[in-house]
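> Just need the structure, nothing else, for what follows:
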Amino acid sequence: MSISPKSLSIVPSCSAMDISVRERAVCDCLMNGCSPFCAPDLLDKARDNLAACELIHPSRDRRDWRRWLNSSGLYSGLSLAGGKVFDTLEQGMLAAMGGHGVTIGDLLLSQSAMDQHLLVAPFPLAIGTGDGYYLVWPGDSARQNNIDKLALFLQKNYLAMYITI
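Now for the predicted structure:
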């Protein structure tokens, strides 16, 4: 299959509405889910008393922790004011791997670190964030059949990769 990089891209987005109407998208290609993660040494402490742990915020507005806490119904009243603040999920994951606290992160981004026992999930609960990755291409593509095959491949393989915690 040969597809020009100029005609096809995978873009991060907050919703399918962010994608222009002149393009098409596979909206459920890679939807994100998030959950808390920490180094194995902090697992018991995080499970027993999350409020006693240093929270790692992978965004300045602390939206990821806020989403998880609101959706989970756990730890109502937990203060998000303190903790370490980073600019990306990756930085938060690295800090958590180093034992610096409990981060909130993306399930797929965390999978490799979990497989290597660098991170563990203290709670068996992940929530959908509404964010995702969308396969985008011009609506009038002459290679629509190949694009459809790629979209199907991505959807099937993504679902096979999705982890449970």
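> distance of D64 from L154?
24 Å (CB to CB, to the nearest Å). Where C-beta positions appear, they are placed from N, C-alpha and C, glycine not excepted.
> Who has more neighbours out of the two?
D64 (25 against 17; other CB atoms under 10 Å).
> Which residue, neighbours along the chain excluded, lies closest to that one?
I104 (4.3 Å; CB to CB, 6 or more residues apart in numbering).
> Touching, S110 and C34? I think so.
No - using CB atoms under 8 Å, S110 makes no contact with C34, being 9.0 Å away.
> got the contact list for the residue nearest to D64?
Counting by CB atoms under 8 Å, 6 or more residues apart in numbering, I104 makes contact with C34, S35, P36, F37, I56, H57, P58, D64, W65, W68, G92.
> how about those, which pair is most distant?
Maximum pairwise distance in the contacts of I104, criterion CB to CB, is 14.8 Å, between S35 and H57.
> Can you list the residue ranges for helices in the chain?
Assigned by DSSP state H, the helices in the chain fall at 43-48, 63-72, 89-97, 107-115, 144-161.
> List the buried residues for the longest one?
Buried residues in helix 144-161, counted by 16 or more other CB atoms under 10 Å: I147, L150, A151, L154, Y158.
> Just give me the closest of those residues to L42.
L42 has its nearest neighbour among these in Y158, at 29.5 Å by CB to CB.
> returning to what we had before: could I get the contacts of I104 in TSV, plus columns for pLDDT?
Shown next, in TSV, are the contacts of I104 (pLDDT from 0 to 100):
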residue	pLDDT
C34	87
S35	92
P36	96
F37	97
I56	97
H57	95
P58	92
D64	90
W65	93
W68	91
G92	95
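> nearest to L125, of those?
S35 (6.5 Å).
> ok, the residue lying closest to the closest one once chain neighbours are set aside - contacts?
Once flanking residues are discounted, S35 sits nearest to A126: 4.0 Å by CB to CB, 6+ apart. By CB under 8 Å, 6+ apart, the contact list for A126 reads G33, C34, S35, L107, I165.
> what about stretch 70-90, how long is it end to end?
Its first and final residues considered, stretch 70-90 spans 23 Å by CA to CA, to the nearest Å.
> actually stretch 86-101, not the one I typed
OK, stretch 86-101 end separation, CA to CA: 13 Å.
> Tell me the gap between that stretch and the middle of its chain.
14 Å (CA atoms, centre = their mean, to the nearest Å).
> So what touches it?
Applying CB under 8 Å, 6+ apart, the contact partners of stretch 86-101 are 37-39, 41-42, 53-60, 64, 83-84, 102-106, 109-110, 113, 118-119.
> Would you check how far apart the residue nearest the centre of the chain and W68 are?
Among the residues of the chain, the one closest to the centroid is D106, at 2.6 Å (CA atoms, centre = their mean). Distance from D106 to W68, counting by CB to CB: 12 Å.
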